[in-house]
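Trainee: return atomic coordinates for the entry below.
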Amino acid sequence: MNKEILKQGFSNLCTAKSMAELYEENFKLVSKYVHATSRGHETIQTALGLQLLPQDYVFPYYRDDAMLLAVGMKPYDLMLQLLAKKDDPFSGGRTYYSHPSLKDDDKPKIPHQSSATGMQAIPATGVAMGMQYLEKQNLDNPNVIQSESEESLQNPITVCSLGDASVTEGEIAEAFQMAALKQMPILYLVQDNGWDISANEAETRAQNAFEYAQGFHGLDAITIDGANFIESYEALQEVIETIRKERRPFLVHAKVPLLNHHTSGVRMEWYRDDLEEARSRDPYPVLKQQLLDNGFSEKDIEAIEASAREKVESDFKQALEAEDPTPEDLFTHDFVPTPITEEVGVRSPEGAEKVVMVDCALFAIEELMRKHKECLLYGQDVGGRLGGVFREAATLAQKFGDDRVFNTPIQEAFIVGSTVGMSAVGLKPIVEVQFADYIWPGLNQLFTEVSRSCYLSNGKWPVSMILRVPIGAYGSGGPYHSSSVESVVTNIRGIKIAYPSNGADLKGLMKAAYYDPNPVVILEHKGLYWSKVPGTKGATSIEPAEDYVLPFGKAWLLQEIWKQEEVETATIVSYGMGVHWAMNATKGLRDQVEVIDLRTLHPLDEDTIMKSVKKTGKCLVVTEEPSNNSFALALAGKIQEECFQYLDAPVMTIGSENMPAIPLNSTLEQTMIPSTEKVRAKLEALLNY
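Mentor: Now for the predicted structure:
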């Protein structure tokens, strides 16, 4: 084997091993924050890291510090994260050791990921899907510096590193399925040490990862001794070369020993019964012997070992002295500033026709796709045959092709989480789940991956995506097609949320969402799509011009009144379908009631709300959700807190009945949800309070 590669590999292994030993020697000093090390896994990680290029994307898992060293990180860099220091290059002290995110020009790209116990497979596969799309569309990746060097001309790959226990996660199956189905350029490296935490493989797995991969046709797999550097390097070299050339997925199952604690907080001596056997498979003496077999002397080896120890000790002393974050550092990088801050463009062009709300969104996406080749749309049934169950994507696949508008399997987690990877390669995915009731399998990805990426990567990797969610009760949809979920979604920090009440707003907000570098959820009420529900004609709009953009966080004072002392006045605050109930309920009371259409739930236009309530002295918040423990109730509490001295009555709410689900029967459905009549009765009670 090439002697320089052997030397690099051994030096990297010595460095990782020295770091693990130093951490153990200084346990009381470093155990303030939990960490895990690569001890036992070093050779497979090093063998992979040394072969990755700057155009590649890699998703290491929490035990992969040797891999991080191999791609060019210094012990000092990792130690800044170990000690949660301000200059931690990954997260600024926000997340755990070996939870990397990196965007250096000269190293593989590492998007943010959560604690990497399986969830990272979907964003990683999203990167591979994005690479495939860029190649088909002949587009460049804006995150990779283009050059004419021999290395830079090689096709990029994606690497997803996994512990063996995580392969039992359901989301892993979704990732493998899509990679195999679409033949994506991705390498799944599974490091199998035979343990979860205290549960071993015999207790928790019906088969190992190599055997599991056999069920995914199109996903080739090999199994190797991951404790043998030469075997690992050569096997990975062949696999990587194949992926670069043939653009298809592989799984490498590497058997390794775990020679250190699961984490610093879960000690191996508490539960391990195989420590002696594991130590007999230590990769360190194996690689040491391989150097001797290839002409290195004992003196050469001792010099490499000493240099590694010296570097680790020096970097540790320096890291201990590094600056901690300040309290002010908490409040940065929750969002990237958006360029869309003002309403611009023509909202009601002369001579334009009124169109239904669903078409406003369709036309907005068509305009965006014509203008931006990095824009694409996918989800269940949005492809050419159907164009969405609400025809919300009708004709788009025919106009833009199956590579840009395509169906996915029934995989809400993949639909949502893959946008992390698509965004990371410079694309702007618009995705959808068919009904709000189907969003639950996607919440893990929305919460752990999408919403936190910008904050926990210290602003390096915001996720630029749009998630469309048809929502609400309409036409006896029953318990699995009628739910309102905004209270759950608004409790996920790090995403923006729109809930428009009409087509013009939907088109303007869709455009704003596209140009916003942050993740956006758009909740679209099915009952407003065609204005078939009595009293919802106001959802039909003159279609705004292509240049119309409506910023997030700007509520619409839909019905305004003047301040009056001689009659009782009130403010109704609502969104979506509730706006129509509110407007219809105020007939005959238009001089007494202001109506505010929130348009977006986050950011929330508190100024418009509070100014109105302070003027009118009373407030009713209208929602379609059951009102207990809801977004509406929280908003009512906020209004009460801010406007208490101006109020002439308690802030009231009205929503659906507090039952577990919306029944199928139309009588029961109407009994469950609000209506114009119910809102009118509540409003009159408030005015008469």
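
Trainee: which element is residue 608 on?
Mentor: Following DSSP states H and E, one finds residue 608 within helix 606-616.

Trainee: return the distance of whichever helix or strand comes after that helix from the chain's centre.
Mentor: With elements assigned by DSSP H and E, the helix or strand that comes after helix 606-616 is strand 619-626. In terms of C-alpha atoms, centre = their mean, to the nearest Å, the centre of strand 619-626 is found 29 Å from the chain centre.

Trainee: and for stretch 350-365?
Mentor: Mean C-alpha position of stretch 350-365 versus that of the full chain (C-alpha atoms, centre = their mean) differs by 30 Å.

Trainee: which residues touch the spatially closest residue to residue 470 that is not a sequence neighbour?
Mentor: Closest residue to residue 470 in three dimensions, ignoring its sequence neighbours and counting by C-beta to C-beta, 6 or more residues apart in numbering: residue 526, at 5.0 Å. Glycine gets a C-beta too; all of them are placed from N, C-alpha and C. Contacts here follow C-beta atoms under 8 Å, 6 or more residues apart in numbering; on that basis residue 526 touches 390, 470, 471, 472, 474, 475, 477.

Trainee: roughly how far does residue 526 sit from residue 621?
Mentor: Using C-beta to C-beta, to the nearest Å, one gets 22 Å for the distance from residue 526 to residue 621.

Trainee: follow-up on the earlier one: from residue 496, how far off is the residue nearest to residue 470?
Mentor: From residue 526 over to residue 496 (counting by C-beta to C-beta), the distance is 21 Å.

Trainee: between the contacts of residue 526, which is nearest residue 25?
Mentor: residue 471 (55.7 Å; C-beta to C-beta).

Trainee: pretty sure residue 517 is in a helix, no?
Mentor: No - counting by DSSP: H, G, I helix; E, B strand; the rest coil, one finds residue 517 to be coil, located in no helix.

Trainee: how about it, nearest residue that isn't a chain neighbour?
Mentor: Closest residue to residue 517 in three dimensions, ignoring its sequence neighbours and counting by C-beta to C-beta, 6+ apart: residue 336, at 4.4 Å.

Trainee: can you go through the contacts of residue 526 and name the buried ones?
Mentor: Buried subset of the contacts of residue 526 (neighbour count, 16 or more other C-beta atoms under 10 Å): 390, 470, 471, 472, 474, 477.

Trainee: now tabulate those in JSON lines and tack on pLDDT.
Mentor: Listed next are the buried ones among the contacts of residue 526 as JSON lines, based on pLDDT from 0 to 100:
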{"residue": "390", "pLDDT": "90"}
{"residue": "470", "pLDDT": "96"}
{"residue": "471", "pLDDT": "97"}
{"residue": "472", "pLDDT": "97"}
{"residue": "474", "pLDDT": "92"}
{"residue": "477", "pLDDT": "93"}
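
Trainee: contacting residues for the spatially most central residue of the chain?
Mentor: Here the mean C-alpha position of the chain is nearest to the C-alpha of residue 450 (C-alpha atoms, centre = their mean), at a distance of 1.6 Å. When contacts are counted by C-beta under 8 Å, 6+ apart, residue 450 touches 416, 417, 419, 420, 463, 465, 494, 495, 519.

Trainee: quick check, the fifth one in contact with residue 519.
Mentor: Same thing as residue 463. Yes - between residue 463 and residue 519 there is a contact under C-beta atoms under 8 Å: 4.7 Å.

Trainee: ok, now which ones touch residue 48?
Mentor: When the contact criterion is C-beta under 8 Å, 6+ apart, the partners of residue 48 are 67, 70, 159, 161, 189, 232, 236.

Trainee: show the contacting residues for the first one.
Mentor: When contacts are counted by C-beta under 8 Å, 6+ apart, residue 67 is found next to 38, 45, 46, 48, 49, 58, 60, 161.

Trainee: same check, this time on residue 518
Mentor: Residues in contact with residue 518 (C-beta under 8 Å, 6+ apart) are 335, 336, 338, 454, 462, 463, 464, 494, 495, 496.

Trainee: same thing but 6 Å
Mentor: For residue 518, the residues meeting the contact criterion (C-beta atoms under 6 Å, 6 or more residues apart in numbering) are 335, 336, 462, 496.

Trainee: which stretches of the stretch 101-250 of the chain form helices?
Mentor: Counting by DSSP state H, counting those that start in this stretch, the stretch 101-250 of the chain has helices at residues 121-137, 170-182, 201-204, 209-213, 229-246.

Trainee: before we move on, what about the stretch 501-650 of the chain?
Mentor: Going by DSSP H, counting those that start in this stretch, the stretch 501-650 of the chain shows helices at 503-515, 577-585, 606-616, 631-643.

Trainee: of all those, which lies closest to residue 197?
Mentor: Counting by C-beta to C-beta, and looking across all of those, nearest comes helix 631-643 at 36.8 Å.

Trainee: between strand 619-626 and the helix or strand just after the closest one, find me the angle.
Mentor: Counting by DSSP H and E, the element after helix 631-643 in chain order, helix or strand, is strand 652-656. With axes from the mean of the first three to the mean of the last three C-alpha atoms, to 10 degrees applied, the angle from strand 652-656 to strand 619-626 works out at 20 degrees.

Trainee: direction included, what does strand 652-656 pair up with?
Mentor: Sheet pairing for strand 652-656, assigned by DSSP bridges, gives strand 619-626 (parallel).

Trainee: contacts for the strand it pairs with next, please.
Mentor: Applying C-beta under 6 Å, 6+ apart, the contact partners of strand 619-626 are 472, 484, 487, 571-574, 577-578, 582, 613, 632, 635-636, 639, 651-656, 658, 679, 683, 686.

Trainee: can you check stretch 103-121 too?
Mentor: 52, 54, 56-59, 61-62, 71-72, 100-102, 143, 145, 160, 166, 169, 171-172, 175, 424, 448-449, 453, 456-457, 460-461.

Trainee: 7 Å instead, please
Mentor: Taking contacts as C-beta atoms under 7 Å, 6 or more residues apart in numbering, the residues outside stretch 103-121 that touch it are 52-54, 56-62, 71-72, 99-102, 123, 127, 143, 145, 160, 162, 166, 169, 171-172, 175, 420-421, 424, 444-445, 448-449, 453, 456-457, 460-461.

Trainee: can you give me the end-to-end distance of it?
Mentor: Stretch 103-121 stretches 19 Å from its first residue to its last (C-alpha to C-alpha, to the nearest Å).

Trainee: which parts of it are buried?
Mentor: In stretch 103-121, the ones that count as buried by 16+ other C-beta under 10 Å are 107-114, 116, 118-121.

Trainee: could you identify the most distant pair in those?
Mentor: Comparing every pair within the buried residues of stretch 103-121 by C-beta to C-beta identifies 107 and 118 as the most remote, at 24.8 Å.

Trainee: tell me how far the residue sitting furthest away from the middle of the chain lies from residue 611.
Mentor: Residue distances from the centre of the chain (C-alpha atoms, centre = their mean) peak at residue 566, which lies 52.4 Å from the mean C-alpha position. Here the distance between residue 566 and residue 611 works out to 21 Å (C-beta to C-beta).

Trainee: and what of residue 400?
Mentor: For residue 400 relative to residue 611 (C-beta to C-beta), the value is 44 Å.

Trainee: the two - which one has more neighbours?
Mentor: Neighbour tally, residue 400 and residue 611, criterion other C-beta atoms under 10 Å: the higher count belongs to residue 400, 19 against 16.

Trainee: so who does that one touch?
Mentor: Under the criterion of C-beta under 7 Å, 6+ apart, the contact partners of residue 400 comprise residue 369.

Trainee: now residue 183
Mentor: Taking C-beta under 7 Å, 6+ apart, we find residue 183 in contact with 218, 247, 248, 249.

Trainee: that one and residue 51, how far apart?
Mentor: Distance, residue 183 to residue 51, using C-beta to C-beta: 22 Å.

Trainee: just residue 254 next, same as before
Mentor: Computed as C-beta to C-beta, the residue 254 to residue 51 distance reads 14 Å.
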